[in-house]
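Trainee: What would the 3D arrangement of this be:
(chains A and B)
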Amino acid sequence: MRFTKIRTFAATIIAFSTLASAAHAEPMTKEQGDAILTELRQIKQLLQKPQQLAQPAPQAPKADEPATVSVAGVPFLGKADAPLTLVMFTDYQCPFCSRFETQTLPEIKRQYIDTGKLRFVVRDMPLPFHPYASKAAEATHCAEEQGKYWELREKLVANGDKLDAKLLPEYARQVGLDVAKFSACLESGRQAEKVRASSSLAASIGISGTPSFVIGRSKGDRVEGVTIVGAQPFAAFDQKLKELLGK
Amino acid sequence: MLTKTRVVLAALITIILATHAFAEPIPRTISYQGYLKNSDGSPVSGPKNLTFNLYSSRTVAPTQQWSEPHNNVPLTNGVYSVLLGETTPFSSAPTQQYYLGVQVDTGPVLTPLQPFPSVPFALSAASVADNSITTSSLAITCAAGQALIYNGANWTCGMVCSCPSDQQNCNGTCANLTTDINHCGSCGTACPAGQVCSGGACAVSCQTGLTNCNGTCTNLATDQTHCGSCTSACSPGTVCSAGVCAVSCPSGQVNCAGTCRDLTSDLSNCGTCGHVCPAGDVCSAGACSLSCQAGLTACSGTCTNLSTDIANCGSCAKACNSGQVCVAGACALTCQAGMSVCGGSCSNLTSDSSNCGACGTMCAAGTVCSAGTCVASCQSPLVNCGGQCKDVRYDPANCGGCGVACSAGKYCSNASCI
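Mentor: Residues are numbered from 1 along each chain as shown, chains lettered A, B, ... in the order given. Sure thing, here's the model as predicted:
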């Protein structure tokens, strides 16, 4: 409303200036020209001001947004050629991620992954306010180097409230990793870029919280689908998967 | 050696509650800090072997209810910090009053034993009744299928971990797009060198009432990491209130993620922490509405009492100077949070023996003012400092001990000036 009023005001001034000049039919002096320009600049500033003062609204997590993500080179559960793929963006310190994995994923696995219909992929999205999440994500990729990605991440999910970096080697030992190699990997930070890239991927498709998902049809190393936000119950995934399977 | 050592009960006990909003296994450890000093008042140097014992009565008994040794505990100016239950887990939540005794090296248990106060009973929170924290108890309405979650700052609805409601996840950083010079107005939009981000736009200076702290426009009166000055951060457990780190918020305000907020008028915390009013609305009497209730004035979208608001004293945007308050629409000198004006000077009515509980109420000789009442001795963990009960954990004038004052610009945290 205020913006409209200012626009009207500006138009009035411009019209008035034009009419006044025309009525007297006198040449405009440089001073008059400068004065009009100064006034126009002030009007321009007024027009811009409401936009500057407007505070960006908090971005709500988006669901059911079309999304395509690559899963090339990423470990997966299920058949490589499963017609559907579910990609989870996760943070190992997020209790809702743990909630999904303990309460919802087992049923998805039983009905869809183990039956060859669905491929399950995990991507990292450590959140800024979870101090151990990033290193925990790196740890899973250090375990991946030794072929025990899923074993370690299962351990981390089960210990989501105890992920201090000093505890990670012990978890590595418990799942049978070569702890020395694991620790060397973790300290080198060589897996950090993989984690950052995964977070960037999430941001690029508008995902801002965890757990978030992309669920859709497998297209080789890609999945084309839509987003699901939050630790939704099994029924929400079940409905979407049935839709995709055409049931 | 032990006879030269005594424990000044500056024990801060906190349950280490993780940020889990739901009934997940909670940590079974209790953070405990204490202060050891010699009989001459000097802090004990470490490390020391400490053994912590729990008894069922105030006297040292041959058998303890629980005991846990902590070897080579570092001491910083006599202050130590341990996690009780780390190696010898508590078998269950406390069901009665227990008393804690500390042994230093191989010496006797130091007395008097300290009551294990009510906070450890929060271990019972592991069995908190279902639905005792609800959308209705927090006055938040969640959509179907959503649950209440705590995102590190606010209670919100959802099933997802994300940045606080006034921030956005900018590629791994929770950023306030209204003030962040690296994400000004939108993620990745950095302001040119020398400029600040004010109201979501790069500008040469901050809006009225805000201060340029290393490029970020900051409210020094309420900002947890820039409290009173750009370089002063409040320690965990305290909040920034009127530019001073305080244990709790002043009357009428609520601690929202470490910042004192007036839920009756705060656009971003209207009625409850984190409840943001829609654009164009004002927050009036704790509810988002189109106009302010009688007696309040809308100042930049916030319903404001021009009679008392230091940022809008008498009229919108007319801010009082630091150290002043707004009284009847005029700026006046006043006391910091928690202090009261008594006869022209600032007094802490909870501890001032000359103004105990109320201005002019003097405590009799031999008694001290504790929690606003004249008593024979100070309530734990307060310490009698010249007739006044002081919390040597946080009192900058008695930090770690009576008369130990922190230098200007420092504050007292866990009995140390930092």
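Trainee: Can you give me the pLDDT of the residue of chain B most remote from its centre?
Mentor: Within chain B, residue B:62 marks the point farthest from the mean C-alpha position, 38.6 Å out by C-alpha atoms, centre = their mean. Confidence at residue B:62, expressed as pLDDT, is 78.
Trainee: how much space between it and residue B:109?
Mentor: Distance of residue B:62 to residue B:109, given as C-beta to C-beta, to the nearest Å: 11 Å. For glycine as for every other residue, the C-beta is placed from the backbone atoms N, C-alpha and C.
Trainee: so where's the stretch 51-200 of chain B uncertain?
Mentor: Within the stretch 51-200 of chain B, the ranges that satisfy pLDDT under 70 run B:91-95, B:117-158, B:165, B:171-172.
Trainee: hey, where'd the helices end up in it?
Mentor: Counting by DSSP state H, counting those that start in this stretch, the stretch 51-200 of chain B forms no helices at all.
Trainee: How about chain A?
Mentor: A:2-24, A:30-53, A:95-99, A:105-108, A:133-145, A:149-158, A:168-174, A:179-188, A:192-204, A:234-245 (DSSP state H).
Trainee: Mind giving me the packing neighbours of the last one?
Mentor: Using 3 or more C-beta pairs under 8 Å, 6 or more residues apart in numbering or on different chains; DSSP states H and E as the contact definition, the elements that helix A:234-245 packs against are strand A:84-90, helix A:105-108, strand A:212-219, strand A:222-229.
Trainee: buried ones in the shortest one?
Mentor: When burial is assessed from 16 or more other C-beta atoms under 10 Å in any protein chain shown, helix A:105-108 yields the following buried residues: A:105, A:108.
Trainee: pLDDT (mean, whole number) over that helix?
Mentor: In this model, helix A:105-108 carries a mean pLDDT of 96.
Trainee: The third one now?
Mentor: This predicted structure assigns strand A:212-219 an average pLDDT of 95.
Trainee: In it, which residues are buried?
Mentor: By neighbour count on 16+ other C-beta under 10 Å, the buried set for strand A:212-219 is A:212, A:213, A:214, A:215, A:216, A:218.
Trainee: Show me which of those is closest to residue B:174.
Mentor: Nearest to residue B:174 out of the buried residues of strand A:212-219 is residue A:212 (C-beta to C-beta; 16.0 Å).
Trainee: care to break the chain down by domain?
Mentor: All of this is about chain A. Per the record, chain A has its domains at A:2-53, A:66-245, by automatic domain parsing.
Trainee: that's the wrong chain, I meant chain B
Mentor: Per automatic domain parsing, the structural domains of chain B span B:2-127, B:352-418.
Trainee: just so I know, which of the ones you listed lies nearest residue A:80?
Mentor: Taking C-beta to C-beta, domain B:2-127 is the member of the domains of chain B nearest to residue A:80, at 34.3 Å.
Trainee: Skip the chain neighbours and tell me the closest residue to the most centrally placed residue in chain A.
Mentor: Centroid-nearest residue in chain A: residue A:207, 2.5 Å away (criterion: C-alpha atoms, centre = their mean). Once flanking residues are discounted, residue A:207 sits nearest to residue A:89: 5.5 Å by C-beta to C-beta, 6 or more residues apart in numbering or on different chains.
Trainee: Tally up the residues packed near the one you found, please.
Mentor: Residue A:89 has 27 neighbouring residues, counting by other C-beta atoms under 10 Å in any protein chain shown.
Trainee: what do you get for residue A:221?
Mentor: Residue A:221 has 12 nearby residues by other C-beta under 10 Å.
Trainee: quick one: it and residue A:70 touch, right?
Mentor: Yes - counting by C-beta atoms under 8 Å, residue A:221 touches residue A:70, with 5.7 Å between them.
Trainee: want to throw the domains of chain B into JSON lines with distance to chain A?
Mentor: JSON lines is the format used below for the domains of chain B (distance: least, C-beta to the nearest C-beta, whole Å):
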{"stretch": "domain B:2-127", "distance to chain A": "5"}
{"stretch": "domain B:352-418", "distance to chain A": "20"}
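Trainee: Could you export those to TSV, including columns for distance to residue B:238?
Mentor: As requested, the domains of chain B are arranged in TSV below (distance: least, C-beta to C-beta, whole Å):
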stretch	distance to residue B:238
domain B:2-127	11
domain B:352-418	7
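Trainee: out of these, nearest to residue A:77?
Mentor: When these are compared (using C-beta to C-beta), the closest one is domain B:2-127, at 24.2 Å.
Trainee: okay, now the nearest residue to residue A:154 once chain neighbours are set aside: neighbour count?
Mentor: Excluding its sequence neighbours, the residue lying closest to residue A:154 (C-beta to C-beta, 6+ apart) is residue A:175, at 8.0 Å. For residue A:175, the tally of surrounding residues (other C-beta under 10 Å) stands at 17.
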